[in-house]
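1. Build the 3D model from these lines:
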Amino acid sequence: MSVALTDVKEGEGGFAIVPGSHKANLPPPPAVLRNEAPPGVLQQPALKAGDAVLFSEATMHGALPWQPSDERRFALYRYGPAHHGYGRGYLDGWSDEMMSDLSPEERVVLEPPYGNRLDRPSIRNGSAKVYASRSQKKKEFDQELFGKPYF
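-> Got it, this is the predicted structure:
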């Protein structure tokens with residue numbers, strides 16, 4: 001779900017989607033990736049602050065170049081079933097160069113999805129830290145059984 005925090009008028013850029021693409025099971029056409037798709041293929045909805053767009057991650061989506069001089073602001077919420085939340089290895093994350101200028105709070109927001117039981121930092125009262133951690137005994141068990149801190 002993408003929630004607009006600022007108004008976005010039609011044609012201004014920002015969130016874009018290819019309706020029905022979640023059923024395609026095909027790679028995206030190069031014209032779509034280059035933002036050269038025929039009119040009507042990419043849809044950029046006009047949104048008021050507070051409007052939400054619900055979509056499947058299987059739907060081809062992205063962002064068109066932002067045209068206005070002010071900042072585009074939105075919140076992106078992602079749901080994943082619990083059994084998908086425990087694997088950390090599928091995403092390497094952001095490069096050190098990309099992360100170098102970020103605050104600890106900004107880094108937390110960009111963390112890949114994984115279960116909170118895996119010492120995930122979160123933000124409370126404006127500061128980022130791990131608020132709930134597994135017991136040392138459970139961590140040692142995983143290390144011994146799986147050869148790494150997390151299975």
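2. What ranges in the chain fall below the confidence cut-off?
-> Across the chain, residues meeting the criterion (pLDDT under 70) sit at 25, 80-93, 112-117, 150-151.
3. Try it again at 80.
-> Residue ranges of the chain with pLDDT under 80: 22-28, 57, 78-94, 109-120, 131-132, 134, 148-151.
4. domains for the chain, by residue range?
-> Domain ranges of the chain: 1-79, 82-146, per automatic domain parsing.
5. Tabulate those domains (TSV), appending mean neighbour count.
-> For the C-beta atoms, the positions are set from N, CA and C on the backbone; glycine is no exception. Formatted as TSV, the entries for the domains of the chain read as follows, by neighbours: other Cβ atoms under 10 Å:
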stretch	mean neighbour count
domain 1-79	13
domain 82-146	12
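6. so which strand or helix has the spatially closest residue to Lys148 that is not a sequence neighbour?
-> Distance criterion Cβ to Cβ, 6 or more residues apart in numbering; nearest residue to Lys148, sequence neighbours excluded, is Asp142 at 7.2 Å. Assigned by DSSP states H and E, Asp142 falls within helix 136-146.
7. That helix - contacts with which helices or strands?
-> Applying 3 or more Cβ pairs under 8 Å, 6 or more residues apart in numbering; DSSP states H and E, one finds that helix 136-146 contacts no other helix or strand.
8. Helices of this protein, residue ranges please.
-> For the chain, the helices defined by DSSP state H occupy 30-33, 96-99, 104-109, 136-146.
9. Relative to the whole chain's centre, how far out is the last one?
-> The one in question is helix 136-146. Its chain's average C-alpha position is 30 Å from that of helix 136-146, according to Cα atoms, centre = their mean, to the nearest Å.
10. now the second one
-> For helix 96-99, the gap between its own C-alpha mean and the chain's C-alpha mean amounts to 17 Å (Cα atoms, centre = their mean).
11. shouldn't Lys139 be in contact with Lys148?
-> No - using Cβ atoms under 8 Å, Lys139 makes no contact with Lys148, being 10.5 Å away.
12. quick one: the nearest residue to Gly62 once chain neighbours are set aside from Arg72, how far?
-> Distance criterion Cβ to Cβ, 6+ apart; nearest residue to Gly62, sequence neighbours excluded, is Ala16 at 5.8 Å. Per Cβ to Cβ, to the nearest Å, Ala16 is found 12 Å from Arg72.
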